[in-house]
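Participant: Fold the stuff below for me.
(one chain, ligands or ions: 3)
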Amino acid sequence: MILTVDIGNTRIKAAVFEGNNALENFVFEKNELEKKIEKILKKFPDCSDLVVASVGSIEKQAFLTFENRLKVHFFTHEDVFPFHNKYATPKTLGIDRMILAGGATLQFPKQNRLVIDAGTCITYDFIDENDNYLGGAISPGLRLRYESLHNFTARLPLLTLEAPDNYVGNSTPQAIHSGVVNGFVYEIDGFIDEYRKQFSNFIIILTGGDAEFLAKRLKNTIFANSNFLLESLSQTYQYKIDND
Ligand SMILES: Nc1ncnc2c1ncn2[C@@H]1O[C@H](COP(=O)(O)OP(=O)(O)OP(=O)(O)O)[C@@H](O)[C@H]1O
Ligand SMILES: CC(C)(CO)[C@@H](O)C(=O)NCCC(=O)O
Ligand SMILES: [K+]
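Facilitator: Ligands and ions are numbered 1, 2, ... in the order given. Alright, predicted model coming up:
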């Protein structure tokens with residue numbers, strides 16, 4: 001049994017896995033890290049490994065306290081991954097993107113794959129059928145778009161996600177919802193269309209905090225799996241153990 005922990009830029013997500021089965025999922029804030037992990041381990045005392053991917057400000061030291069109880073693995077660029085990293089700056093590629101690429105490679109062998117993670121940032125990652133990680137794109141996520149409109153202007157209110165009524169927003173809030181939500185949806189559909197021009201066939205994996213909201217609004221039909229990063233963390237860890 002393993003406990004996987006995904007430390008993003010906004011929140012922390014965790015899941016306990018027995019083989020490929022997620023037994024329970026957890027979401028919490030950074031300041032609750034130690035307390036929450038204690039609680040999870042109390043509930044699942046059979047956890048033998050704690051596996052972490054962090055793109056946030058939390059470092060390996062935060063997990064030292066658990067090392068006398070279970071095996072702690074904090075993923076870095078030094079680990080073995082199931083793909084060839086063709087990024088021109090492989091050491092700056094986000095660990096979350098590496099884990100997503102690892103999961104996509106292992107779960108969908110011998111095919112082109114596009115992974116879209118709609119989280120704090122939207123990330124696009126392309127891994128070709130020969131398991132070459134080619135790169136992708138990084139853009140602001142849904143909430144970041146609402147927040148930046150507010151933070152960098154004098155007159156725009158901070159709104160929370162709401163589906164716009166219309167493309168023609170007839171008030172300040174409706175104009176913001178239209179711009180943020182439609183912009184977000186068009187961007188992603190537009191990216192998928194561009195990839196289709198370059199690669200005839202690929203599967204698309206959509207994940208992240210906004211995946212479900214997004215999936216039903218895209219022109220392209222895509223299966224959303226909010227748990228894909230944690231599943232990938234568990235699978236990439238297993239791959240690492242088998243190939244070290
Ligand atoms: N309770 C919540 N807190 C923050 N964001 C939420 C929440 N519920 C849904 N969201 C949506 O999830 C998005 C953030 O995604 P996610 O939680 O995957 O980010 P994250 O934890 O920072 O992870 P990552 O850094 O890997 O993207 C936001 O754009 C927001 O619209
Ligand atoms: C883009 C984010 C913030 C997405 O979580 C993360 O993957 C990251 O910090 N990446 C580093 C830059 C890169 O991936 O090229
Ligand atoms: K993300």
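
Participant: need the residues of the chain near ligand 3, please.
Facilitator: Selection of the chain residues close to ligand 3 by C-beta under 5 Å from the ion yields Asp117, Gly119. Any C-beta I mention is one placed from the backbone N, CA and C, and that applies to glycine too.

Participant: Name the residues of the chain found near ligand 1, please.
Facilitator: 8-11, 55, 96, 119-121, 141-143, 161, 208-210 (C-beta under 6 Å from any ligand atom).

Participant: Could you identify the least confident member of the residues you listed?
Facilitator: Lowest pLDDT of those: Thr10, 90.

Participant: Could you tell me whether it really is in a strand?
Facilitator: No: Thr10 sits outside any strand when classified using DSSP: H, G, I helix; E, B strand; the rest coil, being coil.

Participant: So which residues of the chain form helices?
Facilitator: 33-43, 95-107, 142-151, 172-177, 183-198, 211-215, 228-243 (DSSP state H).

Participant: Make a markdown table out of these and add mean neighbour count.
Facilitator: Shown next, in a markdown table, are the helices of the chain (neighbours: other C-beta atoms under 10 Å):
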| stretch | mean neighbour count |
| --- | --- |
| helix 33-43 | 15 |
| helix 95-107 | 24 |
| helix 142-151 | 17 |
| helix 172-177 | 16 |
| helix 183-198 | 15 |
| helix 211-215 | 18 |
| helix 228-243 | 21 |
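
Participant: Pull the number of nearby residues for the nearest residue to Phe202 once chain neighbours are set aside.
Facilitator: Spatial nearest neighbour of Phe202, excluding adjacent residues (C-beta to C-beta, 6 or more residues apart in numbering): Asn112 at 3.5 Å. Each residue near Asn112 was counted by other C-beta atoms under 10 Å, and the total is 21.

Participant: check contacts around Asn112.
Facilitator: Phe126, Ile127, Asp128, Glu129, Phe199, Asn201, Phe202, Ile203 (C-beta atoms under 8 Å, 6 or more residues apart in numbering).
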